[in-house]
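Asks: my questions are about this predicted structure, shown below with the sequence.
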Number of protein chains: 2
Amino acid sequence: MTLSPITPGSPLRTQVSGLPLRIARSTLSRQGSATSTPEFHRWFAARLARARATVVTGVDFADLVGWGFDRDTGNLVHDSGKFFCVQGLAVTTDHGPVASWSQPIINQPETGVLGILVKEFDGVLHCLMQAKVEPGNAGVLQLSPTVQATRSNYTAVHRGRAVPYLDLFLSARPESVLADVLQSEQGSWFYRKRNRNIVVEATGDVEVRDGFRWLTLGQLHELLAFDNLVNMNSRTVLSCLPFSGPDLLEALGCDGEGFRAALVRSIGSAWGAVHTNGEILSWLTDLRSRREVEATPIPLREVRGWTRGADRIAHETGAFFDIRAVAVAGGDREIDTWSQPIIAPHGLGVVAFLAARFTGVLHLLVNARVEPGYLDFVELAPTVQCTPESYEHLPARARPPFLDQVLDAAPDRIRFDTLLSEEGGRFYRAVNRYVIVEVDPSEVSEDVGPSRYRWMTADQVVGLLRHSHYVNVQARSLIACLHSLVGGSAADPVATRDGVR
Amino acid sequence: MTLSPITPGSPLRTQVSGLPLRIARSTLSRQGSATSTPEFHRWFAARLARARATVVTGVDFADLVGWGFDRDTGNLVHDSGKFFCVQGLAVTTDHGPVASWSQPIINQPETGVLGILVKEFDGVLHCLMQAKVEPGNAGVLQLSPTVQATRSNYTAVHRGRAVPYLDLFLSARPESVLADVLQSEQGSWFYRKRNRNIVVEATGDVEVRDGFRWLTLGQLHELLAFDNLVNMNSRTVLSCLPFSGPDLLEALGCDGEGFRAALVRSIGSAWGAVHTNGEILSWLTDLRSRREVEATPIPLREVRGWTRGADRIAHETGAFFDIRAVAVAGGDREIDTWSQPIIAPHGLGVVAFLAARFTGVLHLLVNARVEPGYLDFVELAPTVQCTPESYEHLPARARPPFLDQVLDAAPDRIRFDTLLSEEGGRFYRAVNRYVIVEVDPSEVSEDVGPSRYRWMTADQVVGLLRHSHYVNVQARSLIACLHSLVGGSAADPVATRDGVR
């Protein structure tokens, strides 16, 4: 960031207040001024045909180029010492069914940049999105932010091409920054990883490079209903836009009794919530001060219960995930051919919010979740976040709370239901079913397991997204999905999987 | 915390908005309903006479009871494995004059409770404060919060007496909690220590035990002008009260051109600020994503440049601080006789905010400071925070920015100036001169060293105090001191050391 000097006596400013309204306008704009939706689909299909030339092959660890196991620690590291490494983590906890374990985990101490460049066309904000190949992507090609770059990327450790548009983020003027916050990623797979989620508004001309397109938020919201199309990085950056506030009630319209009106009231803050913001913060303070988990980095060699084979490190039960190695040839990344370690999770996950109306205002049932890789012990997570097949052979009482309410939900209660992938640069086909199910408040007790759930409005969650350490990456994805339901017509507010496709 | 179930259909609530006004009323109340100020001074003098019976003696490490050096690591640990330990920290940084060092540091992985109980008398909030002996206190006895307890304290690891009033905090109803946030402590002496800063309002009768008194915020503010009277824990909890917001402008009165009026406009948010909240957060995000410091716990045995003698661990230059051992006899703590390790810093520190009016609104010059013990790399600190004697033999360019502006300030520019101690349970006579100096904006450039300073209003700093990781303990103390200037009369707004005593 460049830093503008301030002038003594210059007029003071309050928070730029028109932004939520501009976000709303872009959300309601289902037709882009820069790229029509049919045009986008034709373009994406053509890119996909090209991307399918990319070959991703599972290889033995011995065949990785530039990566190897450290002689002392057994960690899987890059020769440069940069990028990331796979090491071990020893975990003890007094929360949850297992009191201690060790596991492999990715340590990526750099802070990357996930940036969306926005610009007004015909008075409507558009986002510059990129069709990008990642080795782990389900479907090979997905829609990513303008920039997704680790520091090793852009300091060119791997001698790749320069990252397009990056400088627009690193040298943005303060008043052009619409969102800018460090957010955590998967705390079960990453040790304290965070990326900088940043949205910058361009005022001058911006060259649209090959592989990029301008889309409104409304267009992106429609694309969120397609399986494995909008990637995780796009979703998390979108969730950090300040799309909340009392101004929005009139702009978006909240008349009537439908789901959409209840959602709009949840985004506008004027109606209040079941718990005040202060009560939510106090609840989190209480949980965090218990320090229920202790996670200590250890050499990968010392991890117990995991076995290293020629081409994978796997848990002895076959559960959880494997550490694998992949080689990539072709495609259009910065370097066309490379190999790398990758995490391959087992099974299809379920990531779901239960939602309910209180006094006509939609609330989400948020879970205070402990994951060993979080910097601050506890983050707000979806109501359900698990892999159901891991629980199939366990007794009923071991099942995650609310899972059956999600899996057995009647179709007319399902507000959102799409398969979406986690980050394809580190995770191999890590696909979750993202679901929002509306329930009657009386069907749900917050006091389950024990008192780790709270009803919160969308406005409350988005308010916390201005800060680090509060909302986990799965919940952020679901917030982007929830916002995508604002653009639906009041008459037909429900976007189900079958309905949209 | 007990958790009240919510009732479907129950009325929604917004943030309790009357609280800042109630804080203002207590701030303006310089006479308590429960304890008059002269009565307080008589009572405190009597307690002090008793407390002087407490004998704190420097002893050899070999004479510590229940503490010893671990055979393998050389760490100084308690036999129970609880409380805290003195271990080593290896630090590398690309910020500041020294690229790498190692040092002893206190590791206290528990989260303690610092709690002030408040209650209305005659419609005015009073705080239940305790006169408490700590071995490191300058002046032996200081005024502490209602409760200051580590988890080892209240789970009775050392078989002490029960902590009075603790249960009122641990089982408070959500709506009676006025502030509740984990805050960091000294990042140069503590490894990632945080305490829970909590204020709870009592509605029922509260027995006033021996050693406790009810005082208004206005009374506490007057006591802040006395050297070494209000302890660090009291100051940090007071700073976390939500004493800001537009409602306050009328209640406190901000007419006129004086310092106090500018301060009140800084507390009320309606006037805006030089930088928006979003710009401040983006600036911090940028600095944090640089990860300028890496701190790794190491065995105390492996610390370089420090020597362990019979009664102290000291740096070979004699600078910084020593690790010492003290034995305590007498006094009125939970256990009357004990011994413990303690950090004894060298020299008198200076902790100061430069303040300036922009368009009639007071702003503080805040420094984004890196300390190795912070969980999130950077926190907002006072303009100046250092020990001047450490710089006496160094060239002028090595002097901390703005230090000379504080030390050479004309008396009529000094708004606050008091000697205050850091936590007497861990630090031996760690005294800082806390100063607020008003300057003309044109005398100061934010672009010093490089761009780690920003002008912020009191409202902006207090807003961030609702969350962890933002405002360091020295800045929190100064915020409490700044708030103490609100109660001054508009005609005589300046409380100088000489003026008040």
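Replies: Perfect, I can see it now.
Asks: which residues does residue A:78 form beta bridges with?
Replies: Taking DSSP bridges, one finds residue A:67 as the beta-bridge partners of residue A:78.
Asks: max-length helix in chain A?
Replies: helix A:37-51 (DSSP state H).
Asks: could you list the buried residues of that one?
Replies: A:37, A:40, A:44, A:47, A:50, A:51 (16 or more other Cβ atoms under 10 Å in any protein chain shown). From N, CA and C alone the C-beta is placed, and that goes for glycine too.
Asks: model confidence over the next helix or strand after it, on average?
Replies: Next helix or strand after helix A:37-51 toward the C-terminus (DSSP states H and E): strand A:55-58. For strand A:55-58, mean pLDDT rounds to 93.
Asks: and the strands in the stretch 101-250 of chain A?
Replies: Assigned by DSSP state E, counting those that start in this stretch, the stretch 101-250 of chain A shows strands spanning A:112-121, A:124-133, A:141-144, A:147-149, A:177-184, A:194-201, A:212-216.
Asks: what's the mean pLDDT across the last one?
Replies: The average pLDDT for strand A:212-216 rounds to 98.
Asks: residue of the stretch 301-450 of chain A with the smallest distance to chain B?
Replies: residue A:441 (3.5 Å; Cβ to the nearest Cβ).
Asks: need the phi and psi values for that residue.
Replies: phi -50, psi -30 (degrees, to the nearest 10).
Asks: how many residues are close by residue A:396?
Replies: Close neighbours of residue A:396, defined as other Cβ atoms under 10 Å in any protein chain shown, add up to 7.
Asks: interface residues of the stretch 251-400 of chain A facing chain B?
Replies: By Cβ under 8 Å from any Cβ of the partner chain, the residues of the stretch 251-400 of chain A that approach chain B are A:269, A:271-279, A:281-283, A:285-286, A:288-291, A:294, A:356, A:358-359, A:361, A:375-376.
Asks: ok, now with 7 Å
Replies: Within the stretch 251-400 of chain A, the positions adjacent to chain B are A:271-274, A:276-279, A:281-283, A:285-286, A:288-289, A:291, A:358-359, A:361, A:375-376 by Cβ under 7 Å from any Cβ of the partner chain.
Asks: quick one: which of these sit in helices?
Replies: Checking these against DSSP H, those in helices are A:277, A:278, A:279, A:281, A:282, A:283, A:285, A:286, A:288, A:289.
Asks: where does the stretch 251-400 of chain A dip in pLDDT?
Replies: Along the stretch 251-400 of chain A, segments meeting pLDDT under 70 span A:331-335.
Asks: do a quick rundown of the strands in it.
Replies: Using DSSP E, counting those that start in this stretch, strands in the stretch 251-400 of chain A cover A:293-298, A:306-308, A:312-315, A:321-329, A:338-345, A:349-358, A:361-370, A:378-381, A:384-386.
Asks: name the residues of the fourth one that come out as buried.
Replies: Neighbour counts over strand A:321-329 (16+ other Cβ under 10 Å) mark A:321, A:322, A:323, A:324, A:325, A:326, A:327, A:328 as buried.
Asks: and if you look at the second one?
Replies: Neighbour counts over strand A:306-308 (16+ other Cβ under 10 Å) mark A:306, A:308 as buried.
Asks: which neighbouring elements make contact with that strand?
Replies: strand A:312-315 (3 or more Cβ pairs under 7 Å, 6 or more residues apart in numbering or on different chains; DSSP states H and E).
Asks: just checking, what packs against the strand it packs on?
Replies: Taking 3+ Cβ pairs under 7 Å, 6+ apart as the contact cut, strand A:312-315 packs with strand A:306-308, strand A:321-329.
Asks: which residues outside that strand are in contact with it?
Replies: A:104, A:305, A:306, A:307, A:322, A:323, A:324 (Cβ atoms under 7 Å, 6 or more residues apart in numbering or on different chains).
Asks: then stretch A:298-311?
Replies: So stretch A:298-311 is contacted by A:58-61, A:73-76, A:86-90, A:102-104, A:313-316, A:324-325 (Cβ under 7 Å, 6+ apart).
Asks: and stretch A:269-287, by the same measure?
Replies: A:244-246, A:249, A:265, A:358, A:361, A:363, A:368, A:378, A:454-457, A:459-460, A:463, B:1, B:6, B:12-16, B:174, B:177, B:180-182, B:196, B:466.
Asks: got a PyMOL select line for the buried ones in those?
Replies: Buried residues within the contacts of stretch A:269-287, by 16+ other Cβ under 10 Å, are selected in PyMOL with:
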select buried, (chain A and resi 244+245+249+265+358+361+363+368+378+454+455+456+457+459+460+463) or (chain B and resi 1+6+12+174+177+180+181+182+196+466)
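Asks: with that, I have no additional questions.
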